[in-house]
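J.: Below is the sequence, then the predicted model.
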Amino acid sequence: MKKWLIAILLPFALMACSSSQTAGISVDSGTQKVLFGDNVLGYRLAVDQINTQYNNGLARGIVAVTSKFSGDQRLQYRFYWYDAQGLEVAGSDSPWRTFIIRGLDTMSIQGVAMKPEATQFRVQIRTLE
Amino acid sequence: MKKSVIALLSLAVLLGGCSNKVSYGDAQAVETTTVDFGSTDLQKIAAEMTESMLSSGSVAQITQGNRPIVFVESIKNKTSEHIDTESVTDSISTKLLNSGKFRFVDMDRVEAVRSQLNFQNNDELVNQNTAVQFGKMVGAQYMLYGNLSSIVKNAGSDKDVYYKMTMRLMDLETGLIEWADETEIRKQQEKSLLGW
């Protein structure tokens, strides 16, 4: 009888534990620093390059990432844009975008600033829950 | 005794499932409630189209030194769903306008403008020195338009949806297409036999 009770209650106990990690990886173009807030994602994903290009007076951020994991990873990223003083540029809110990186593959994620005053960016990468 | 404990516990679990909770979410978050066209698709299309247009070389040429006037034609919805395409064009034109590279004319509000100008120019209440004159509006040089199409496939309870958005910028004087790009979205839905 006790076993039944445990069997019934176990799924509910497990459900309570499923709050996911949201720290992720933060990539800063100004300082060229990568901050790993998520250990699992840090082991599975490496940031190779952080570049800023100028097209038509607008900054374009390119971040190259490599998977260190042999399976597919479903991730999401978002660009935040800052001006020369380090203040966030108004109206620079871009949506979270999903991407799939295949096992041990390298790809680049890109974002274009919507305003000419944006010069630096920060990319936040998280797992897609 | 034990039966009553189990009954009590299961009752508590059942009743716990009935509580109604309202909370605010992140408007920019990835939304996967159903496989239909959703907010994430709209945001992705709007962001990718504006980024592509603003960083294109030919657009750089026509925006050099001046801010071209653009008229946004509606996006044709060729999908099997009902999609508010005006909302997509609104997002795109707002982003383009905020970039400071383009200026827009709005054809949807022409009747409202006309009635306001009629009032200003023909009504005795308005001081004629302050009335806005007829025939001073600026004509558009470019037209922005597009198509949204989809391919939907079903296999049993699995569903695969593919959206393709094509946008073009046409020079109204010469008819030349100055810029064009497409965005694709693929979504899959699998219904499993077990589980929620």
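T.: Ah, there it is.
J.: Show me which residues of chain A sit near chain B.
T.: A:1, A:4-5, A:8-9, A:12, A:55-56, A:58, A:60, A:76, A:78, A:91, A:93-98, A:110-112, A:114-116, A:128 (C-beta under 8 Å from any C-beta of the partner chain). The C-beta positions use only the backbone N, C-alpha and C, and glycine is treated the same way.
J.: what are the ranges of the helices in chain A?
T.: Listed in chain order, the helices of chain A (DSSP state H) span A:2-15, A:39-44.
J.: Could you identify which of those has the lowest mean pLDDT?
T.: When the helices of chain A are ranked by mean pLDDT, helix A:2-15 comes last with a mean of 64.
J.: Show me the shaky parts of chain A.
T.: Applying pLDDT under 70 to chain A flags residues A:1-2, A:5-20, A:92.
J.: can you map out the strands along it?
T.: Using DSSP state E, the strands found in chain A span residues A:25-28, A:33-36, A:45-55, A:58-67, A:73-82, A:97-101, A:106-112, A:120-127.
J.: could you dump the ones you listed to a markdown table with distance to residue B:32?
T.: Output for these, formatted as a markdown table (distance: least, C-beta to C-beta, whole Å):
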| stretch | distance to residue B:32 |
| --- | --- |
| strand A:25-28 | 22 |
| strand A:33-36 | 26 |
| strand A:45-55 | 21 |
| strand A:58-67 | 22 |
| strand A:73-82 | 11 |
| strand A:97-101 | 9 |
| strand A:106-112 | 20 |
| strand A:120-127 | 14 |
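J.: closest to residue B:46 out of the ones you listed?
T.: For residue B:46, the closest of these is strand A:97-101, at 11.7 Å, according to C-beta to C-beta.
J.: how far is that closest one from where the chain is centred?
T.: Distance of strand A:97-101 from the chain centroid (C-alpha atoms, centre = their mean, to the nearest Å) equals 9 Å.
J.: in it, what counts as buried?
T.: For strand A:97-101, the neighbour count (16 or more other C-beta atoms under 10 Å in any protein chain shown) marks A:97, A:101 as buried.
J.: And the contacts of it?
T.: A:45, A:65, A:67, A:72-78, A:107, A:109, A:128, B:30, B:40, B:44, B:47 (C-beta atoms under 8 Å, 6 or more residues apart in numbering or on different chains).
J.: Provide the strand pairings for that strand, with the direction of each partner.
T.: Strand A:97-101 has its sheet partners listed here by DSSP bridges as strand A:73-82 (antiparallel).
J.: For the partner strand, what is the distance to the chain centroid?
T.: 4 Å.
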